[in-house]
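> Build me a model from this:
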Amino acid sequence: MKKVKKISALLCMAALMIGIVACAGGTDTPSESGAPAGRVELVYSLWGGPAEEATMQETLDVFNNMQDKIWVTALSIPNEEYASVIQTMATGGNMPDVGMANENLIIGWARDGMLMREDIFAGASDRPLEYLAFKDRGDVVAWSQANEVLAIWFDKDKFDDAGVEHPPVTKDTAWTWDEMIEVAKQLTFDTNGNTPNDAGFDKDNIEQYGIYVNQWTWQLEVWSLSNGGRWFSEDGTQIIFDDAAIEAMQMVYDLHLVHNVAPYNPGTEDTGWWSSLGAGNVAMCTEGQWATGFTGDTDMDYGVGILPKMKQLKNIATGGAVVIWGGTKHIEEATEFYKWFTDTENNFGIIEAGWWMPTLQSWYQEPLLTKWIDDVDVRARLPASSYRTAIMEVALDTNITQPTGWYYTPNTVEIINNIMNPALVEAINGTKTVKEVIEEIRPAMEAALAG
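Next up is the predicted model:
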């Protein structure tokens, strides 16, 4: 549930930011039904507890008091119970109207009739980036509220102290996988100051590692794509995991098992940043764009570089979604609130804090581009020019950036989280090869995909 909790925190922070930057008018007094007389009441579902609900309420107060037609009430559900509660409500025919939905459940829920099957931005002149659409058999069923791609993050002082050049930031200068390993060796030191290139290097007593490639399972898909492989067929109907995909995953684990440049991490929790670069004993790591926001939580002077490549430069995009539930009886009002809530301007606080990138195409053009990159302190210190080329330009290049598998494949929560994640621990620790693990779990993954 670490992924769910991260998205929960980000969505709730967005809600808080909206409440801070917007100005609410007078407060209506709700009737016994929850909404003031004459208003249509919508229920917005979110995961979390009292703190999250209070944060969301600040946002809803802004919307509720800026117009007199709609009243939105929060329904807070504990993280671990969210999916089961929503499904139970669907069975009982009393679903909320709008709400949060975890990426890896959306396609399955759409097929179960739990989402409104309509492109909310159909015909709009300013649409989100196309790969942020969740599509069931080609039909748009939801959109991400944020845009996130992957990059390499590094401690500038560790590079400078070792006399190593900072990671490249442009598409035409991206490291190859082998180049990345060689740089990582120069930044890996045992307790005697030796690197893996030196005689006498003690792999059992490493003081600083050169790199950590995030092993939180869904992030490994990018390396399979970069190596020319696939996890799922393009239409989301088949489990692929071909030789190129398996080889790429093994190459990631071999950074620790063979090359001794990465720390051991079982990959069972989403702690990539904090267990590596944030822990202070790793020179660089791979992580999502949201790592921009960590500058507020650390004194480290760190920068961003473009993700390395295996056979080809690839990236994956993702972002937590807000959906209109299929059971709503107020489609017009739910759509109006949805568009307001997901508007980039109303989410600018969390974008400014570094956690999100915008979704709408207009924000990737001037003058809005400067507003959220160059004029924002957390990106300016990376610096902004590196952020533009290593992240923003990559995000716009659809030959490089593709939607993560859960945008078009059903039941990925079962396939990735429940089947792959625990099984791959044996590949991470070297007990088995990735190929052995994948072949053992392939029947279970295929069964899960079939539903």
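
> At which residues are the strands of the stretch 1-150 of the chain located?
With DSSP state E, counting those that start in this stretch as the criterion, the stretch 1-150 of the chain has strands at 40-47, 70-77, 98-101, 133-136, 139-144, 150-155.

> Ok, which of these comes nearest Thr318?
strand 139-144 (7.0 Å; Cβ to Cβ). For the C-beta atoms, the positions are set from N, CA and C on the backbone; glycine is no exception.

> For the closest one, enumerate the helices and strands it packs against.
With contacts taken as 3 or more Cβ pairs under 8 Å, 6 or more residues apart in numbering; DSSP states H and E, strand 139-144 sits against helix 106-111, strand 133-136, strand 321-324.

> Domain-wise, how is the chain divided?
2-147+319-364, 150-316+392-450 (automatic domain parsing).

> if we can go back for a sec, between the strands of the stretch 1-150 of the chain, which one is closest to Pro443.
Here strand 133-136 is closest among the strands of the stretch 1-150 of the chain (Cβ to Cβ), at 24.4 Å.

> okay if I get the strands of the stretch 1-150 of the chain as TSV plus distance to Leu220?
Shown next, in TSV, are the strands of the stretch 1-150 of the chain (distance: least, Cβ to Cβ, whole Å):
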stretch	distance to Leu220
strand 40-47	25
strand 70-77	30
strand 98-101	23
strand 133-136	21
strand 139-144	20
strand 150-155	11
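
> Out of the ones you listed, which one sits most buried?
strand 150-155 (a mean of 26; mean count of other Cβ atoms under 10 Å).

> how about the strands in the stretch 201-350 of the chain?
206-208, 284-288, 302-305, 315-317, 321-324.

> and Arg230, which of those strands is closest to it?
Per Cβ to Cβ, nearest to Arg230 of these: strand 315-317, 11.9 Å.

> Okay, now the sheet partners of the closest one, with direction.
strand 401-403 (parallel) (DSSP bridges).

> any idea of the mean pLDDT for the partner strand?
Across strand 401-403, pLDDT averages out at 97.

> Same question for stretch 127-145.
93.

> How about stretch 253-270?
On average, stretch 253-270 scores 94.

> Span of it from start to end?
16 Å (Cα to Cα, to the nearest Å).

> Also stretch 224-244?
End-to-end distance (Cα to Cα), stretch 224-244: 6 Å.

> before we move on, what about stretch 230-239?
9 Å.

> try stretch 107-125
OK, stretch 107-125 end separation, Cα to Cα: 26 Å.

> roughly how far out does that stretch sit from the chain middle?
Relative to its chain's centre, stretch 107-125 lies at 20 Å (Cα atoms, centre = their mean, to the nearest Å).

> Adding distance to Asn194, write the helices and strands packed on strand 139-144 out as CSV.
CSV is the format used below for these (distance: least, Cβ to Cβ, whole Å):
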stretch, distance to Asn194
helix 106-111, 49
strand 133-136, 49
strand 321-324, 48
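
> So which of the ones you listed is the most surrounded?
Mean neighbour count, computed with mean count of other Cβ under 10 Å, is highest for strand 321-324 among the helices and strands packed on strand 139-144, reaching a mean of 24.

> Out of the strands of the stretch 201-350 of the chain, which is the most enclosed?
With neighbours defined by mean count of other Cβ under 10 Å, none of those is more surrounded on average than strand 284-288, at a mean of 26.

> re the thing from before, compare the domains of the chain and say which comes out lowest on pLDDT.
That would be domain 2-147+319-364, which, of all the domains of the chain, carries the lowest mean pLDDT at a mean of 83.

> and of the helices and strands packed on strand 139-144, who's closest to Val437?
helix 106-111 (24.2 Å).

> tell me which strands and helices that closest one is in contact with?
If contacts are counted by 3+ Cβ pairs under 8 Å, 6+ apart, helix 106-111 sits against strand 133-136, strand 139-144.

> contacting residues around that helix?
Identification of contacts with helix 106-111 by Cβ atoms under 8 Å, 6 or more residues apart in numbering yields 86, 101, 115, 117, 134, 136, 141-142, 236, 321, 323, 406-413, 451.

> coming back round to it: just so I know, which of the helices and strands packed on strand 139-144 lies nearest Leu277?
Minimum separation from Leu277 across the helices and strands packed on strand 139-144 (Cβ to Cβ) falls at strand 321-324, 27.9 Å.

> Would you list the strands that that closest one pairs with, along with their directions?
With DSSP bridges as the test, strand 321-324 pairs up with strand 98-101 (antiparallel), strand 139-144 (antiparallel).

> could I get these as CSV with distance to Glu352?
Formatted as CSV, those follow (distance: least, Cβ to Cβ, whole Å):
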stretch, distance to Glu352
strand 98-101, 21
strand 139-144, 19
